[in-house]
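>>> Need a 3D model of the following:
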Amino acid sequence: MRIQRTRARLAGILAITAVVALQAVLGFGCHGQDLHAFAVGFGVFVLPPLVPALVSLGTANPLRAVGACALFAPWLLWAGYVGCIRPDAGGGASMAYVPVLLYGFPSAVLGALLAGPVCRRLGIAIDP
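Presented below is the predicted three-dimensional model:
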């Protein structure tokens with residue numbers, strides 16, 4: 001199957017938008033953040049792991065951004081579970097977003113790198 005580069009780039013942008021929306025739901029809905037606190041938290045804990053996805057949009061295969069987001073989003077879901085759903089164990093500030101930053105970036109890089117071979121294996125090619 002051949003996909004136009006503009007469609008592949010749109011899929012990557014939609015994947016990044018989904019990650020931003022997920023963080024917005026967690027930030028505003030769960031943690032009760034205002035816009036400033038959301039922007040700071042996003043810039044510190046979510047934006048660095050999204051760099052591989054953003055860089056992938058400019059490569060020959062923009063679908064790599066989808067792979068990067070697919071392996072990064074579970075870390076956000078885990079942080080949402082720890083910060084909002086799991087009963088509080090008490091004692092101090094939540095450190096749920098530290099693994100998001102530490103493990104999210106390598107996961108996103110791995111997802112971006114694996115997306116190319118997966119696309120080839122599935123017969124997906126990007127037209128210029």
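
>>> so where's the protein shaky on pLDDT?
Within the chain, the set of residues satisfying pLDDT under 70 comprises 87, 89-93.

>>> Please, where are all the strands along it?
Assigned strands in the chain, in chain order: 2-4, 125-127 (criterion: DSSP state E).

>>> Partner strands of the last one, with direction?
What it means is strand 125-127. Strand 125-127 sits in its sheet next to strand 2-4 (parallel), going by DSSP bridges.

>>> quick one: contacts of the partner strand?
With CB atoms under 8 Å, 6 or more residues apart in numbering as the test, strand 2-4 has contacts from Leu63, Ile124, Ala125, Ile126, Asp127. Using the backbone N, CA and C atoms, a C-beta is placed for each residue, glycine as well.

>>> which one of the strands of the chain lies closest to Leu77?
strand 2-4 (27.4 Å; CB to CB).

>>> Pull the distance from the closest one to the chain's centre.
23 Å (CA atoms, centre = their mean, to the nearest Å).

>>> Please consider this matter closed, and thank you.
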